[in-house]
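J.: build me a model:
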Amino acid sequence: MATRPISIAVDGYSSCGKSTLARDVARRLGYLYLDTGAMYRAVALALLRSGLSLTELGSNEEKLARFLEINKVDVVQGGDGEAQVLLNGNVVNVELRSLEVSRIASLVSSWPLVRRTLQAVQKAIGERKGVVMDGRDIGTVVMPHAELKIFVVADFPVRVQRRRDELRGRGIEANDEEVAEDLRQRDFVDTHRAADPLRRAPDARLLDTSQLTREQQCEVVCNWVSEIVEKDP
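T.: Next up, the predicted model:
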């Protein structure tokens, strides 16, 4: 495989496997990997810890601005090439995956000020080559000039199973009905928010992961990378 580094934007619905895919591709290529959704979950975690209500913070931009100044979200590169998310200087990657944090993150990520604040950090990282970034607005807003844009989809029952298995793997019990409702709510918020809603970039390649193994997904994307690099070495 040619080695010229490129930027790769991965977007898609929750629990389609986009984060796992992006992480695997980054490791295979030796790129930096950033899960931008984790940055929004860090804000949600800070909100949970603060005891403030969503209504109180979401309806007052001045108060929200102060909250974001006090609760700093940043990113550093880990030893394995994966970005570590910091909340007030502390790595919080493990704490970000609970169902409660994910639910709040979908709402928090709809607030324009939060998006502008975190996108500034993401865009600075995206300016470098050799990065795989995943989220819901990467190919449309954060890295619109990425050489490779991918939009990941999967059948809804597959997404429910993947999310349930992910939660159980972290010791969090949740039934299919609860997980399905959570995904429906997140899909609605992601696609209907006023600020940077989830949508497929016109030049993004569609990847349906429903029937593909983890290895097959990575292979498809790495082949796409090879095509791009070989076309313009």
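
J.: make it CA atoms for all contacts and neighbour counts henceforth
T.: Fine.

J.: send the alpha carbons of stretch 134-153 over as CSV?
T.: Provided in CSV are the C-alpha atoms of stretch 134-153 (Å, rounded to 0.1, in the frame of the first residue of the first chain):
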residue,chain,number,x,y,z
ASP,A,134,-15.3,10.1,12.9
GLY,A,135,-18.5,11.8,14.0
ARG,A,136,-21.6,13.2,12.4
ASP,A,137,-20.4,16.3,10.6
ILE,A,138,-16.8,15.5,9.7
GLY,A,139,-17.1,15.3,5.9
THR,A,140,-19.6,18.2,5.8
VAL,A,141,-18.2,20.7,8.3
VAL,A,142,-15.0,19.7,10.1
MET,A,143,-13.0,18.2,7.2
PRO,A,144,-14.9,19.2,4.0
HIS,A,145,-11.7,18.8,2.0
ALA,A,146,-10.8,15.3,3.2
GLU,A,147,-9.4,13.1,0.4
LEU,A,148,-11.7,10.2,1.5
LYS,A,149,-15.2,10.7,3.0
ILE,A,150,-17.2,7.7,4.2
PHE,A,151,-20.8,7.5,5.3
VAL,A,152,-21.5,4.4,7.4
VAL,A,153,-24.9,2.8,7.7
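
J.: tell me which stretches of the protein form helices.
T.: For the chain, the helices defined by DSSP state H occupy 18-29, 36-50, 54-58, 61-70, 99-108, 112-126, 156-169, 176-192, 214-231.

J.: of all those helices, which one is nearest Leu86?
T.: Leu86 sits nearest to helix 36-50 of all the helices of the chain, at 7.8 Å, using C-alpha to C-alpha.

J.: returning to what we had before: which one of the helices of the chain lies closest to Val141?
T.: Across the helices of the chain, Val141 has its closest neighbour in helix 112-126 (8.5 Å, C-alpha to C-alpha).

J.: by contact count, what packs against the closest one?
T.: helix 36-50, helix 61-70 (3 or more C-alpha pairs under 8 Å, 6 or more residues apart in numbering; DSSP states H and E).

J.: and that helix, what's buried?
T.: By neighbour count on 16 or more other C-alpha atoms under 10 Å, the buried set for helix 112-126 is Leu113, Val114, Arg115, Leu118, Gln119, Val121, Gln122, Ile125, Gly126.

J.: quick one: which of the helices and strands packed on helix 112-126 is nearest Asp134?
T.: In terms of C-alpha to C-alpha, the element of the helices and strands packed on helix 112-126 nearest to Asp134 is helix 36-50, at 6.0 Å.

J.: how far is the closest one from where the chain is centred?
T.: Put simply, helix 36-50 sits 13 Å off its chain's centre (C-alpha atoms, centre = their mean, to the nearest Å).

J.: which elements pack onto that helix?
T.: Using 3+ C-alpha pairs under 8 Å, 6+ apart, helix 36-50 sits against strand 73-77, strand 83-87, helix 99-108, helix 112-126, strand 131-135.

J.: repeat that with 6 Å
T.: Under the contact definition 3 or more C-alpha pairs under 6 Å, 6 or more residues apart in numbering; DSSP states H and E, helix 36-50 sits against helix 99-108.

J.: isn't Ile34 up against Ala83?
T.: Quick fix: residue 34 reads Leu, not Ile. Yes: under the criterion of C-alpha atoms under 6 Å, Leu34 makes contact with Ala83 at 5.3 Å.

J.: format the helices of the chain as CSV; extra columns: distance to Pro202 and mean pLDDT.
T.: Shown next, in CSV, are these (distance: least, C-alpha to C-alpha, whole Å; pLDDT from 0 to 100):
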stretch, distance to Pro202, mean pLDDT
helix 18-29, 18, 94
helix 36-50, 21, 93
helix 54-58, 31, 86
helix 61-70, 33, 94
helix 99-108, 24, 85
helix 112-126, 19, 92
helix 156-169, 23, 91
helix 176-192, 16, 91
helix 214-231, 17, 95
